[in-house]
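In: got a predicted structure plus its sequence, pasted below:
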Amino acid sequence: MKNIVLVFFMLICIAPSWGLTFDTNQPKTIIADKLEYDVKSETIKTTGRAEIVNQSGQRMTITDSYISQKKGELSGDDIKLWLGHNVYIDAETITRDGVVTRGTNAHFTACDGCDEMGNAWTIYATRFTHDMDSRMMSFHNPILRTYYDIPLFWFPYITMPDPAVKHKTGFLYPDFESTNNMGTQINIPFYIYLSPQHDMTVKLSYLTRENPLFQAEHRLNATHSEFRTRGSFTHNRDGENRWHISNRDVIELGEHARATVFLERASDKTYLQKYGFYEDQPYLDSGAKLEIFGMSGYVVSDAHIFQELRESTGVFSAPNGNILPNIRGLYQTAPLFDETFAVFNTDILGISGSDAATQRVIGDARIISPWTLWGGNRVTASLSARYDVYNFSDTQMIDGDTYSGLKNRFLPSGYVEWSLPLTRPSDTWGQIIEPRARLTVMRHIDNEQFATSNDSAGALLSDATLFSMNRFSGFDLWENGTFADYGIRWATFNPDGHMVELFAGQTYDFTERADTDPNSGFHNGASDYVGRISYNNMQWLELANRFRLARDNAALRHMETSAVIGGGRNFLSVGHIWSRQFIDAATAYDTINEFSGGLGIGITKRWSIQFDAIYNATYGEFHRHSGNLFYNHPCYFMAIGYRRDNAVKRDYVGTTTYQFRFGINIDGKKY
């Protein structure tokens, strides 16, 4: 019998593009072996096989169907409804009563045509229902089957939202972990939908050797703000309440201002490490920040309250006390003449802790004048003046006394810098040779700092600290006196993006340095030699090395090396740090010798593995290592992995953790 094609631009239609009930507000096309339309009752009856396509492109095939516009009913046999790309549900029979659709002997999959081996997974159920109001699908006696119709598991009853639902409250797929000190851990997450911009996830973790762990994550996106909060809690078998909370809120205050509030606290130093929330952070930071910025300047005000996680810290370590507040401002003028401009800085800092407090105000003004002279010579001259005022309260000074009161410092300075880039263009390998030198003159003072508590952690000479006015970290330690920096850079590159770079340099102090750290690389007079070597082909290989050599015999003192080969799923990364440590100028201490590495291998199109590790060669042990096996299918994903942590701290002893994760993909969305 010849097919009949009927196009209706009237108020009858099938399901919307992700639902199972029937939208009566879209026109449709019906192709059927035989079709009858009753104008009076506004019903359609098809005989044999029919195909129905709605305005959104959703497609349904059905046998011997009956569609009623007035009552919003549909019934038929052997129905197959495509809900999205590669997503369909079929049933022997289907009926609709109001907002509820029912079917028998139904099959549901999101893998139609995704794999030449067949559907990766299909849910078989004796009955299914779909409620349009709740947007929920229910399966009775469902069996999850994989390739070749192999049954994987059975449940008496399961429900899930239909794929049109972007957010739906309900349980998510659980994942499993196993550790050597807390046993097996089963994580059961529950998703709570509050609005399209507001949701949260709570998770119950059952542990076989420890009491349950409760976790929660809250997310809110407003028009000009973002709020994120995570936390966890447990009452362990020793009767202790252990917990952590992490919060970060970002609020945009117009085009030129932004506020950030952050909170990180834990019940003790080892909780994060024991329960797997630790990310190598040495301390937790809580506080707030306000940023105001414009075309020529900015102001940042922030406050910090720290919680120390390290076992012990020295008096020179940062942070050593809470920062309440810290206000920094910068303004750069337009060119005063030619390319000459001025920069103004202000820094206000308050540090409190251990019954001592310090407030500091820094004012800094400088003028910078760059010039390009004959022959390509580049000369930059700068003059600056810095003034510091400190207010100490019961603060231990470097001479051992405790002091309260005001102290001030004034530091005029200036520098002249010269460079001459010499280029040799080429169609194959172009080259640049650039010698560079800078002479910096500062006022020489007896003490580079007042108090033992400060925001600086000393100095470490490297290629990155050359040609800088302040070679110390932080502001409290003062670089002072007269010194010269000099070095030479050579680079070669080709049109394919390959580039090789070499740099070597040194600094020379004309004034005597106070209490020179033998590990810093600085000395009275000439310093150690520093340099770097790098290569990058902009495709699959990147190599970098920075080093420091002793000034007297060119012995290796410090070296950092990194290499990345490949990209994507196939890569090899290697890192190495080696540093000779001295107690004094003549006595060597344990050498720092540490390796890090990562490896990724795409075994097949879908299977891949990854490993990473940090190895302490000085003591012959791993800090940690981990590995994961991944399977990524268009319709589902799976990961099995382990992590070994060898840290030992108080009540925490390094543990091995195993984890299993599984989820399904429906039309590009992960569940």
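Out: Great, that's in hand. Numbering: from 1, shown residues only.
In: give me the nearest residue to Phe233, chain neighbours excluded.
Out: Leaving aside its chain neighbours, Phe233 sits nearest to Trp243 (4.4 Å; criterion: CB to CB, 6 or more residues apart in numbering). Every C-beta, even on glycine, is put in place using the N, C-alpha and C of the backbone.
In: which strands or helices does the helix or strand where the one you found lies pack on?
Out: Assigned by DSSP states H and E, Trp243 belongs to strand 241-252. Where contact means 3 or more CB pairs under 8 Å, 6 or more residues apart in numbering; DSSP states H and E, strand 241-252 is packed against strand 225-235, strand 257-266, helix 271-274.
In: between that strand and strand 257-266, how many degrees?
Out: With axes from the mean of the first three to the mean of the last three CA atoms, to 10 degrees defining the directions, strand 241-252 sits at 170 degrees from strand 257-266.
In: contacts for strand 241-252, please.
Out: 224-236, 258-268, 271-272, 275, 277 (CB atoms under 8 Å, 6 or more residues apart in numbering).
In: just the buried ones from the residues you listed, in PyMOL syntax?
Out: To isolate the buried members of the contacts of strand 241-252 in PyMOL, using 16 or more other CB atoms under 10 Å:
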select buried, resi 227+229+230+231+232+234+236+258+259+262+263+264+266+267+268+271+272+275
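In: picking up where we left off before, what pairs with the strand holding Trp243, parallel or antiparallel?
Out: In the sheet, strand 241-252 lines up against strand 225-235 (antiparallel), strand 257-266 (antiparallel) (DSSP bridges).
In: export these to JSON lines and append columns for distance to Leu629 and mean pLDDT.
Out: Formatted as JSON lines, the strands paired with strand 241-252 follow (distance: least, CB to CB, whole Å; pLDDT from 0 to 100):
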{"stretch": "strand 225-235", "distance to Leu629": "27", "mean pLDDT": "96"}
{"stretch": "strand 257-266", "distance to Leu629": "31", "mean pLDDT": "95"}
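In: out of the helices and strands packed on strand 241-252, flag the one nearest Glu116.
Out: Comparing these by their distance to Glu116 (CB to CB), the top pick is strand 225-235, with 41.8 Å.
In: now what about the closest one, what contacts it?
Out: Strand 225-235 is contacted from outside by 210-221, 241-252, 275, 277, using CB under 8 Å, 6+ apart.
In: so Thr208 touches Thr184, yeah?
Out: Yes. The criterion here is CB atoms under 8 Å, and Thr208 meets it with Thr184 at 4.7 Å.
In: now the residue sitting nearest the centre point of the chain: which helix or strand?
Out: Nearest residue to the geometric centre of the chain (CA atoms, centre = their mean): Glu279, 11.5 Å. Using DSSP H and E, Glu279 sits within no helix or strand.
In: could you dump the strands paired with strand 241-252 into TSV and include distance to Phe630?
Out: Output for the strands paired with strand 241-252, formatted as TSV (distance: least, CB to CB, whole Å):
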stretch	distance to Phe630
strand 225-235	24
strand 257-266	30
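In: quick one: the helices in the stretch 101-250 of the chain?
Out: Counting by DSSP state H, counting those that start in this stretch, no segments of the stretch 101-250 of the chain form helices.
In: pLDDT (mean, whole number) over stretch 445-453?
Out: Stretch 445-453 shows a mean pLDDT of 74.
In: buried sites along it?
Out: 448-453.
In: list of residues touching it?
Out: Stretch 445-453 is contacted by residues 315-316, 320-321, 351, 353-354, 356, 358, 390, 392, 395-398, 403, 407, 409, 411, 456, 472, 476-480, 514 when judged by CB under 8 Å, 6+ apart.
In: low-confidence ranges, the stretch 51-200 of the chain, go.
Out: 54-58, 69-73, 83-85, 96, 98, 163-164 (pLDDT under 70).
In: just the strands in it please.
Out: For the stretch 51-200 of the chain, the strands defined by DSSP state E, counting those that start in this stretch cover 59-68, 73-84, 87-97, 100-109, 122-131, 136-140, 143-146, 150-154, 157-161, 170-171, 175-179, 183-195, 198-207.
In: of those, which is nearest Thr492?
Out: The nearest among these, by CB to CB, is strand 175-179 at 50.0 Å.
In: what is that closest one packed up against?
Out: strand 183-195, strand 656-666.
In: got the ones you listed as a markdown table, with distance to Trp540 and mean neighbour count columns?
Out: Below are these laid out as a markdown table (distance: least, CB to CB, whole Å; neighbours: other CB atoms under 10 Å):
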| stretch | distance to Trp540 | mean neighbour count |
| --- | --- | --- |
| strand 183-195 | 37 | 15 |
| strand 656-666 | 29 | 17 |
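In: out of the ones you listed, which comes closest to Ser382?
Out: Here strand 656-666 is closest among the helices and strands packed on strand 175-179 (CB to CB), at 53.3 Å.
In: in space, what's closest to Pro156 - neighbours in sequence excluded?
Out: Asn141 (6.5 Å).
In: tell me what Gly350 is bridged to.
Out: Counting by DSSP bridges, the residues bridging with Gly350 are Gln359.
In: does it touch Val361 like I think?
Out: No. The pair Gly350 and Val361 fails to qualify as a contact (CB under 8 Å) at a distance of 9.9 Å.
In: for Leu420, find the nearest of the helices and strands packed on strand 175-179.
Out: strand 656-666 (56.3 Å).
In: what helices or strands is the closest one leaning on?
Out: Taking 3+ CB pairs under 8 Å, 6+ apart as the contact cut, strand 656-666 packs with strand 175-179, strand 636-645.
In: strand partners of it, parallel vs antiparallel please.
Out: When DSSP bridges is applied, strand 656-666 pairs with strand 175-179 (antiparallel), strand 636-645 (antiparallel), strand 669-670 (antiparallel).
In: ok, then the element right after the lowest-mean-pLDDT helix or strand in the chain?
Out: Ranked by mean pLDDT, DSSP states H and E, the weakest helix or strand in the chain is strand 4-8, scoring a mean of 33. Moving toward the C-terminus from strand 4-8, the next helix or strand (DSSP H and E) is strand 28-38.
In: can you pull out the strands in the stretch 401-550 of the chain?
Out: 402-419, 422-424, 430-442, 482-493, 499-509, 525-526, 529-536, 541-549.
In: can I get those strands in a markdown table with mean pLDDT, mean neighbour count and distance to Asp38?
Out: Supplementary listing: the strands of the stretch 401-550 of the chain in a markdown table, determined by pLDDT from 0 to 100; neighbours: other CB atoms under 10 Å; distance: least, CB to CB, whole Å:
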| stretch | mean pLDDT | mean neighbour count | distance to Asp38 |
| --- | --- | --- | --- |
| strand 402-419 | 92 | 15 | 90 |
| strand 422-424 | 91 | 11 | 86 |
| strand 430-442 | 95 | 17 | 82 |
| strand 482-493 | 95 | 18 | 78 |
| strand 499-509 | 96 | 18 | 77 |
| strand 525-526 | 92 | 12 | 102 |
| strand 529-536 | 97 | 18 | 74 |
| strand 541-549 | 96 | 17 | 73 |
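In: got JSON lines for the ones you listed, with distance to Arg59 too?
Out: Formatted as JSON lines, these follow (distance: least, CB to CB, whole Å):
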{"stretch": "strand 402-419", "distance to Arg59": "68"}
{"stretch": "strand 422-424", "distance to Arg59": "64"}
{"stretch": "strand 430-442", "distance to Arg59": "59"}
{"stretch": "strand 482-493", "distance to Arg59": "55"}
{"stretch": "strand 499-509", "distance to Arg59": "54"}
{"stretch": "strand 525-526", "distance to Arg59": "80"}
{"stretch": "strand 529-536", "distance to Arg59": "51"}
{"stretch": "strand 541-549", "distance to Arg59": "49"}
